[in-house]
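Chemist: The sequence and its predicted three-dimensional model are supplied below.
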Amino acid sequence: NQVGDIVGFESKDHVKGKVKISLRVNFEAETEEDRLKWFGTDNYVKFLTDHVRSVIAGMTKKYPVAQIKSEYVNLVRDAILGAKPEGTAKRAGMSFENGMKVTEVEVLELAL
């Protein structure tokens with residue numbers, strides 16, 4: 001599944017902006033009980049986007065706008081997928097209690 005969103009944020013130096021993202025989401029389960037958790041959330045898209053918006057808003061409050069502008073792709077990917085470990089191309093991803101996992105983030109646009 002792919003979910004797109006436009007996320008508003010404010011930098012450490014109080015500059016407002018928006019970042020357009022596309023999230024690749026999978027549902028993972030090892031047992032039948034875990035599969036049933038997939039349906040425990042009424043609206044998985046809202047659940048996902050609310051959390052991702054919160055993570056991005058918290059992250060951008062730590063950086064001045066100049067740094068966000070020059071590093072926004074890596075900052076957003078690190079915030080959502082985790083930092084890229086040395087010597088590997090695979091990031092941890094963002095997991096949720098309902099078995100949903102964000103496996104990839106495409107950062108499409110930044111507007112300040």
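Modeler: Perfect, I can see it now. Numbering: from 1, shown residues only.
Chemist: these two touch, right, residue 26 and residue 38?
Modeler: No. At 10.6 Å, residue 26 does not count as touching residue 38 under the criterion of Cβ atoms under 8 Å. Backbone N, C-alpha and C define where each C-beta goes, glycine included.
Chemist: and for the two, which residues touch both?
Modeler: Common neighbours of residue 26 and residue 38 are listed as residue 100 (criterion: Cβ atoms under 8 Å, 6 or more residues apart in numbering).
Chemist: tell me the mean pLDDT for stretch 63-75?
Modeler: Throughout stretch 63-75, pLDDT has a mean value of 98.
Chemist: helix, strand or coil for the spatially most central residue of the chain?
Modeler: For the chain, the residue nearest the mean C-alpha position is residue 80 (3.6 Å; Cα atoms, centre = their mean). The three-state assignment at residue 80 reads helix, by DSSP: H, G, I helix; E, B strand; the rest coil.
Chemist: Contact partners for it?
Modeler: 23, 52, 55, 56, 94, 102, 105.
Chemist: So the second one versus residue 31, what's the distance?
Modeler: Relative to residue 31, residue 52 is positioned 27 Å away (Cβ to Cβ, to the nearest Å).
Chemist: and if you look at residue 78?
Modeler: For residue 78 relative to residue 31 (Cβ to Cβ), the value is 31 Å.
Chemist: neighbour-wise, which of the two wins?
Modeler: residue 78 (15 against 8; other Cβ atoms under 10 Å).
Chemist: That one and residue 84 touch, don't they?
Modeler: Yes. Using Cβ under 8 Å, residue 78 is in contact with residue 84, at 7.5 Å.
Chemist: after the lowest-mean-pLDDT helix or strand in the chain, next one along is what?
Modeler: Ranked by mean pLDDT, DSSP states H and E, the weakest helix or strand in the chain is helix 32-37, scoring a mean of 86. Next in sequence after helix 32-37, counting helices and strands by DSSP states H and E, comes helix 44-60.
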